[in-house]
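*Asks:* My questions are about this predicted structure, shown below with the sequence.
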Amino acid sequence: MLPHGVVETPVFMPVGTAASVKAVEQGVLEKIGADGVGAQIILANTYHLYLRPGHESIARMGGVHRFMSWERPMLTDSGGFQVFSLSGLRKVTAEGVEFRSHLDGSKHFFSPEHSMDVQIALGADIAMVFDECVETPASWERTRESMGLTHAWAQRSKDHFDSHKHLVPWSEGLQPQKRKADSSTAAAKSTAFALDDNSEEGQNDELKGATQSLFGIVQGGMYADLRKESAERLVEMELPGYAIGGLAVGEPREVTREMIARTLEFLPKDKPRYVMGVGYPDEIEEYAKMGVDMMDCVLPTRAGRHGLLFARDAEGKIVRMNIKRREYAEDSGPIDAACGCMVCARYSRAYLRHLFVAGEALGLALNSVHNL
RNA sequence: UCCUGAGUAGCUCAAUGGCAGAGCAUUCGGCUGUUAACCGAAGGGUUGUAGGUUCGAGUCCUACCUCAGGAG
């Protein structure tokens, strides 16, 4: 149970880094699916929102939910990955990370405690522990050292979070989404979404008791023994959910799958298990079948903005469609006849190609919606 | 009719007399906890035409053609 509602799993979370799932308006995001139901939960980013417009400003504006008018659950990434991936000048110590803003070069310092303060202020339904993502490839020794830092930071994140988290944050002015309750999140493997704005009375009261949650992040690079150690160490902290981080950073798919499998077996099945940063549509399907409950990825939206669409061939296999290709110039068919999304129901490949080639913003939005 | 300026890739333009290039466009590829409506590759030329000078001419000279501006 999250402050802004129930999330049915397995679930894919669109990435909305700067309080925006790029090119997709919130009202559309809520109902993009074939069944008229859209994203259940989105991801926003601590690092980016801290730098701009600033978490304190967002808190004064009523939190991310009210700020961006998103009434459903939201998860915030802790900023650890951003510090790793885009801050050229950074200094990691046991205390935290000193880094320079990619916007203006100004110096900043993130500790686990500070990351928690920012995520709490943003009003995240689910916050993530502040972790360090090790580069790939990295030696076993380097990976283990980094993993140890992540564990220490996870404990500090939890200690700080537990004494500061909010009840139903910043949502006084917005009605929480009312939807069918399903407490067995990890067990629910149905792909049918059951969000319902007309569910029974009393749902609001139940939601009001929900607090922000903090998930742990398993690291350990590409070493199964370290993955096991990391998972066990985090499970000892008794967090409400666990993520598998540090994957899909350049390693082969087989390695990703292997690391996920070798981590899942040490994570409790009755809590959400979240693989961060994946993936391709077929990967999402595969990992969900392996028992992963949550995934997020920029791919559907970024690829969409870049003209790469995902569709299924006659055999149901996922295929890539580069919509700018000449062959679609007068193709009156939908992206994917079996898709049923609001884009496939209405627009042709030829039109989408035209929009993309002409640089029309609508094309970016429609491509993103289809991929999501 | 005369004067001036300009003619180089599909377009807009570079290139001290010394290997003819860029941007855009075109065609294709890439994208995994977003610095990304982004990044990359490829194709594309008798440098307006005809002569001349020179070891060597997109570049200098002559004539012509086309376009723009000006004068009459």
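*Replies:* Received, thanks.

*Asks:* quick one, helices of chain A?
*Replies:* With helices called from DSSP state H, chain A shows them at A:26-29, A:46-51, A:55-60, A:63-68, A:80-86, A:112-122, A:140-164, A:203-208, A:224-235, A:253-264, A:281-290, A:299-305, A:349-357, A:361-371.

*Asks:* could you dump the ones you listed to a markdown table with distance to RNA strand B?
*Replies:* Backbone N, C-alpha and C define where each C-beta goes, glycine included. Output for the helices of chain A, formatted as a markdown table (distance: least, C-beta to the nearest atom of the strand, whole Å):
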| stretch | distance to RNA strand B |
| --- | --- |
| helix A:26-29 | 12 |
| helix A:46-51 | 7 |
| helix A:55-60 | 15 |
| helix A:63-68 | 14 |
| helix A:80-86 | 4 |
| helix A:112-122 | 10 |
| helix A:140-164 | 9 |
| helix A:203-208 | 25 |
| helix A:224-235 | 12 |
| helix A:253-264 | 6 |
| helix A:281-290 | 6 |
| helix A:299-305 | 3 |
| helix A:349-357 | 5 |
| helix A:361-371 | 5 |
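
*Asks:* Tabulate those (TSV), appending mean pLDDT.
*Replies:* Below are these laid out as TSV (pLDDT from 0 to 100):
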stretch	mean pLDDT
helix A:26-29	96
helix A:46-51	96
helix A:55-60	94
helix A:63-68	94
helix A:80-86	83
helix A:112-122	96
helix A:140-164	96
helix A:203-208	54
helix A:224-235	98
helix A:253-264	97
helix A:281-290	97
helix A:299-305	98
helix A:349-357	97
helix A:361-371	97
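
*Asks:* Dump those helices into JSON lines; add distance to A:Val97 and mean neighbour count as well.
*Replies:* JSON lines is the format used below for the helices of chain A (distance: least, C-beta to C-beta, whole Å; neighbours: other C-beta atoms under 10 Å):
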{"stretch": "helix A:26-29", "distance to A:Val97": "32", "mean neighbour count": "16"}
{"stretch": "helix A:46-51", "distance to A:Val97": "10", "mean neighbour count": "24"}
{"stretch": "helix A:55-60", "distance to A:Val97": "17", "mean neighbour count": "17"}
{"stretch": "helix A:63-68", "distance to A:Val97": "23", "mean neighbour count": "22"}
{"stretch": "helix A:80-86", "distance to A:Val97": "5", "mean neighbour count": "19"}
{"stretch": "helix A:112-122", "distance to A:Val97": "9", "mean neighbour count": "25"}
{"stretch": "helix A:140-164", "distance to A:Val97": "10", "mean neighbour count": "19"}
{"stretch": "helix A:203-208", "distance to A:Val97": "35", "mean neighbour count": "14"}
{"stretch": "helix A:224-235", "distance to A:Val97": "19", "mean neighbour count": "20"}
{"stretch": "helix A:253-264", "distance to A:Val97": "24", "mean neighbour count": "18"}
{"stretch": "helix A:281-290", "distance to A:Val97": "29", "mean neighbour count": "17"}
{"stretch": "helix A:299-305", "distance to A:Val97": "25", "mean neighbour count": "21"}
{"stretch": "helix A:349-357", "distance to A:Val97": "38", "mean neighbour count": "20"}
{"stretch": "helix A:361-371", "distance to A:Val97": "31", "mean neighbour count": "22"}
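
*Asks:* Which of those sits closest to A:Lys324?
*Replies:* Nearest to A:Lys324 among the helices of chain A is helix A:349-357; the distance by C-beta to C-beta comes to 5.4 Å.

*Asks:* Now do A:Glu200, the pLDDT please.
*Replies:* Per-residue pLDDT puts A:Glu200 at 38.

*Asks:* what do you get for A:Phe109?
*Replies:* For A:Phe109, the model assigns a pLDDT of 94.
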